[in-house]
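Asker: predicted model and sequence below, questions to follow.
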Number of protein chains: 2
Amino acid sequence: MTRDLPALAETIAGRDVDGYLIDADWEDPTQLYLSGFTGPDPFLTLYADGGVHLLVSGLEYARAKRESRADTVRRHAEYDFQYGGRERRLDMYADFLADVGVESVLMPDRAPVGTADGLRDRGITVAVDHEDAVASLRAVKSDDEVNRIRTAQRATESAMAAAESLLSEATVEDGTLVHGGDVLTSERVREEIEVTLLRHGCASEETIVAGGAHAADPHDRGSGPLSAGDAIVIDVFPRDTDTKYFADMTRTFVVGEPGDALRERYDLTVSALEAAIDAVEPGATGEDVHVAACEVYEDAGYPTLRSDPDTDTGYIHSTGHGVGLAVHEPPRLSMGAGELEPGNVVTIEPGLYDPDVGGIRVEDLVVVTTDGCEVITDYPKRFVIE
Amino acid sequence: MTRDLPALAETIAGRDVDGYLIDADWEDPTQLYLSGFTGPDPFLTLYADGGVHLLVSGLEYARAKRESRADTVRRHAEYDFQYGGRERRLDMYADFLADVGVESVLMPDRAPVGTADGLRDRGITVAVDHEDAVASLRAVKSDDEVNRIRTAQRATESAMAAAESLLSEATVEDGTLVHGGDVLTSERVREEIEVTLLRHGCASEETIVAGGAHAADPHDRGSGPLSAGDAIVIDVFPRDTDTKYFADMTRTFVVGEPGDALRERYDLTVSALEAAIDAVEPGATGEDVHVAACEVYEDAGYPTLRSDPDTDTGYIHSTGHGVGLAVHEPPRLSMGAGELEPGNVVTIEPGLYDPDVGGIRVEDLVVVTTDGCEVITDYPKRFVIE
């Protein structure tokens, strides 16, 4: 069952420690990736000497033995730990490390300080992995992982289609969208998206359905009635409840007549998306891809964070990010970001924002191939819903 | 906007530090409770001198100003931080602390070690809060908070009713449950529960629908066809997507004839539940409540973790936990747990487990009142579905 993790072994050797230690529950993607175990409470995963070793509670033991990728699974009872408090727990952790023959560990930057300090108090050297070595491993996907993301993306597209249907079926009364006799709200569209995701084996509770001024804030999830003529940004990024892999896509729609300002911004955003996708290939940097999108906007006279770091309007975020067991993970597509490799799965999501005009964002998911990239997203780009 | 947090001020004074610092995203309930802000990326919240101070990215600034409970909100741009790496970020954090006049902080036990070490490197004293002071504050709910939990609980009951309907409508073919022409599986029932939750403004992706041997493992979410005569444990613990408060309830059903062993275990579990609820009052300890449940099982000859710490069957978990912005939070109802206070909201969830017989668990939610407790759960306890 041992996984082939040579890069992690190199990292450990480079930092002159014996092992890599994670103290987290499965929602930490690094924990899930290394352990392969969806334990709901925090547990320890220790990678050392080419092997993966778990320490879990009695409640998780049978399932961890059955489902995890670990070479060995130990349980708290082996260390006579049951109702003990913090000090006894840390004694157990130190004993567990000793049993695997480990005297020094690297822990992730966001590992619990209480655990790190407690192990240090017990004579164990704890170094901190500021580079997030496991996230770097995760950034390069196997074919199986890409297929899991594809499956989640198909569910995402079904959910987007459900949302688009609601918008298509809506009528307009006094400028407000109405569906089935009720005012059509962001909340109603979000509910339809999330129900459709569930019916397709995915889950999300952070879907963005933002119209008008809401859409001008990229992190506003949206609320209230949707209006004709407003740009409506729909950003869906669910996790497959089975495989735990994410997908991510965004479309922007207008019901009725968008007006020239929105239409220009939409067309420009699709151009920025295409330019950025064209720039994706092995050896290109995440910065190259980001710059390709920025240049489209800057050439048209819109500010970007590159041309004006203080701008509140225009293109005010990066071009994308890796997607996998986390919805945001390496590689980044932004200033200073490094080289892309085959197997990277990244979103490309340029957008323009202005509270006086609204928000536009269009996002596709791509996988870097040996000679360019393949667009995973299979969904039309229709802006205007008549 | 300042919140009244005298207990936290006392904790800080007792540890001889200037402030309490959180570096986490909103999914950390301590962060959400102190900041009142649902920032999707990690941000800093500093409680010092009676005030709450936030440091967020430019992307979150407007929303944090509008929605958070903070007295002041600062953004990265005020510290000229944009594309900087780790060292520049930590410089910014240190400058932010200095601006609030803070030279020493307490951080939660599970705060990121990278942040704690980085601040220490910059001359800031970082002590670790092993007692989880904010979780202790969270354990005592205001009336508003109890009402938010009640709302989530009503949604939970609607979802349980949807599950019970599926079971009631099922027919039996060769011992297997069939619904609408298809074999009725754990996955199908879970989907119905989670869709119903979404329709009622709640979300969950961890619902347990476990039959037969699956149900004998309290953490097994269940999978595959459900059978007549098997105990089916359904444990639903969603979060309200608006208020972010959780609810939690469990029922166990049998379609058809349960047999004497299951029937005895079910009746005993309801007795244990009633005994534990009777024990809940201000001044009683979490241990008292747990012992009340254990005694019912032990008197009937079943092992508990109290009577046999190594047992794999019988009553193999604690009696309950607080519910609020986290689904598991203080107070605990287990050996060594302290005194209950009015405003505590706790689950009472005794159960019996044996791979050869199946699993039984019944769980109600109660709020501790000035003279006892009030059961929040409003759902019948029907075991056998004919």
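Answerer: Happy to help now that I have it. Numbering: from 1, shown residues only, chains lettered A, B, ... in the order given.
Asker: quick check: closest non-adjacent residue to residue A:317.
Answerer: residue A:218 (5.6 Å; CB to CB, 6 or more residues apart in numbering or on different chains). Quick note: C-beta positions are derived from backbone N, CA and C, even for glycine.
Asker: return stretch A:40-57 as CSV; C-alpha atoms alone will do.
Answerer: C-alpha atoms of stretch A:40-57 as CSV (Å, rounded to 0.1, in the frame of the first residue of the first chain):
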residue,chain,number,x,y,z
PRO,A,40,-13.9,13.2,11.0
ASP,A,41,-11.8,14.0,14.1
PRO,A,42,-8.2,15.1,13.9
PHE,A,43,-5.8,12.2,13.7
LEU,A,44,-2.0,11.8,13.1
THR,A,45,-0.4,10.8,9.8
LEU,A,46,3.3,10.3,9.9
TYR,A,47,5.3,9.8,6.7
ALA,A,48,8.7,8.4,7.4
ASP,A,49,11.2,6.1,5.7
GLY,A,50,8.8,5.6,2.7
GLY,A,51,5.9,4.5,4.9
VAL,A,52,2.6,6.1,6.0
HIS,A,53,1.6,5.5,9.6
LEU,A,54,-1.7,6.5,11.2
LEU,A,55,-2.7,7.1,14.9
VAL,A,56,-6.4,7.2,15.3
SER,A,57,-9.0,6.8,18.1
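Asker: about what we covered before: the residue nearest to residue A:317: how many residues sit nearby?
Answerer: 19 (other CB atoms under 10 Å in any protein chain shown).
Asker: again with residue A:130
Answerer: Count around residue A:130 with other CB under 10 Å applied: 15.
Asker: cool, and residue A:181?
Answerer: Neighbours of residue A:181 using other CB under 10 Å come to 6.
Asker: same deal with the one 5 residues further on?
Answerer: Neighbours of residue A:186 under the rule other CB under 10 Å: 24.
Asker: not counting sequence-adjacent ones, nearest residue to it?
Answerer: residue A:222 (3.7 Å).
Asker: hang on, the earlier thing: tell me the contacts of the residue nearest to residue A:317?
Answerer: A:316-317, A:351, A:353, A:359, A:361, B:59 (CB atoms under 8 Å, 6 or more residues apart in numbering or on different chains).
Asker: check whether the strand or helix carrying residue A:55 contacts chain B.
Answerer: Residue A:55 belongs to strand A:51-56 when assigned by DSSP states H and E. No. Legend: contact between strand A:51-56 and chain B by CB under 8 Å from any CB of the partner chain is lacking; minimum distance shown is 10.2 Å.
Asker: from residue A:163, how far out is the residue nearest to residue A:186?
Answerer: 12 Å (CB to CB, to the nearest Å).
Asker: what residues are shared contacts of the two?
Answerer: The contact lists of residue A:222 and residue A:163 share residue A:209, where a contact means CB under 8 Å, 6+ apart.
Asker: for stretch A:247-255, list every residue counted as buried.
Answerer: A:247-255 (16 or more other CB atoms under 10 Å in any protein chain shown).
Asker: and stretch A:312-321, by the same measure?
Answerer: A:314-321.
Asker: send the alpha carbons of it over as CSV?
Answerer: Provided in CSV are the C-alpha atoms of stretch A:312-321 (Å, rounded to 0.1, in the frame of the first residue of the first chain):
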residue,chain,number,x,y,z
ASP,A,312,-11.1,48.7,-6.6
THR,A,313,-12.5,48.2,-10.1
GLY,A,314,-11.4,46.4,-13.3
TYR,A,315,-9.6,43.0,-13.0
ILE,A,316,-9.1,42.8,-9.3
HIS,A,317,-8.1,39.2,-8.7
SER,A,318,-5.7,36.6,-10.1
THR,A,319,-6.4,34.5,-13.2
GLY,A,320,-6.8,31.1,-11.5
HIS,A,321,-5.7,28.4,-9.2
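Asker: who touches that stretch?
Answerer: Contacts of stretch A:312-321 (CB under 8 Å, 6+ apart): A:216, A:218, A:272, A:276, A:286, A:289-290, A:292-294, A:297, A:302-305, A:308, A:328-335, A:346-355, A:363, B:58-59.
Asker: distance between it and the chain's centre?
Answerer: 16 Å (CA atoms, centre = their mean, to the nearest Å).
Asker: what does stretch A:177-195 give?
Answerer: 26 Å.
Asker: what sits up against it?
Answerer: By CB under 8 Å, 6+ apart, stretch A:177-195 touches A:159-160, A:162-163, A:166-167, A:169-172, A:176, A:203-205, A:207, A:209-211, A:214, A:221-228, A:234, A:236, A:255, B:195, B:198-199, B:203.
Asker: now swap in stretch A:111-121 and tell me
Answerer: Here stretch A:111-121 has contacts from A:21-24, A:42, A:86-87, A:90, A:93-94, A:97, A:105, A:107, A:126, A:128, B:107-117, B:126, B:128, B:130, using CB under 8 Å, 6+ apart.
Asker: how far does that stretch sit from its chain's centre?
Answerer: For stretch A:111-121, the distance to the chain centre is 27 Å (CA atoms, centre = their mean).
Asker: would you mark the buried spots in it?
Answerer: Buried, per 16+ other CB under 10 Å, within stretch A:111-121: A:111-119.
Asker: can you lay out those residues as CSV showing secondary structure?
Answerer: Formatted as CSV, the buried residues of stretch A:111-121 follow (DSSP: H, G, I helix; E, B strand; the rest coil):
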residue, secondary structure
A:111, coil
A:112, strand
A:113, helix
A:114, helix
A:115, helix
A:116, helix
A:117, helix
A:118, helix
A:119, helix
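Asker: of these, which is the nearest to residue A:152?
Answerer: residue A:111 (27.7 Å; CB to CB).
Asker: returning to what we had before: and the gap between the residue nearest to residue A:317 and residue B:212?
Answerer: Taking CB to CB, one finds residue A:218 at 47 Å from residue B:212.
Asker: circling back to that earlier point, by contact count, what packs against the strand holding residue A:55?
Answerer: On a contact count with 3 or more CB pairs under 8 Å, 6 or more residues apart in numbering or on different chains; DSSP states H and E, strand A:51-56 meets helix A:29-35, strand A:43-48, strand A:72-75, helix A:86-99.
Asker: now those in a markdown table, with mean neighbour count, distance to chain B and mean pLDDT?
Answerer: Formatted as a markdown table, the helices and strands packed on strand A:51-56 follow (neighbours: other CB atoms under 10 Å in any protein chain shown; distance: least, CB to the nearest CB, whole Å; pLDDT from 0 to 100):
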| stretch | mean neighbour count | distance to chain B | mean pLDDT |
| --- | --- | --- | --- |
| helix A:29-35 | 24 | 13 | 95 |
| strand A:43-48 | 24 | 12 | 97 |
| strand A:72-75 | 19 | 11 | 96 |
| helix A:86-99 | 17 | 5 | 96 |
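Asker: for residue A:340, find the nearest of the ones you listed.
Answerer: Short answer: helix A:29-35, nearest of these by CB to CB, at 19.7 Å.
Asker: follow-up on the earlier one: right, and the helix or strand after the strand holding residue A:55?
Answerer: Next along the chain from strand A:51-56, counting by DSSP H and E, comes helix A:58-67.
Asker: now the angle between strand A:43-48 and that next one, please.
Answerer: 50 degrees (axes from the mean of the first three to the mean of the last three CA atoms, to 10 degrees).
Asker: near chain B at all, helix A:58-67?
Answerer: Yes. Against chain B, helix A:58-67 shows contacts by CB under 8 Å from any CB at A:58-60, A:62-63.
Asker: among those residues, find the lowest-pLDDT one for me.
Answerer: In terms of pLDDT, residue A:59 ranks lowest among these, with 81.
Asker: quick one: that residue from residue A:77, how far?
Answerer: 11 Å.
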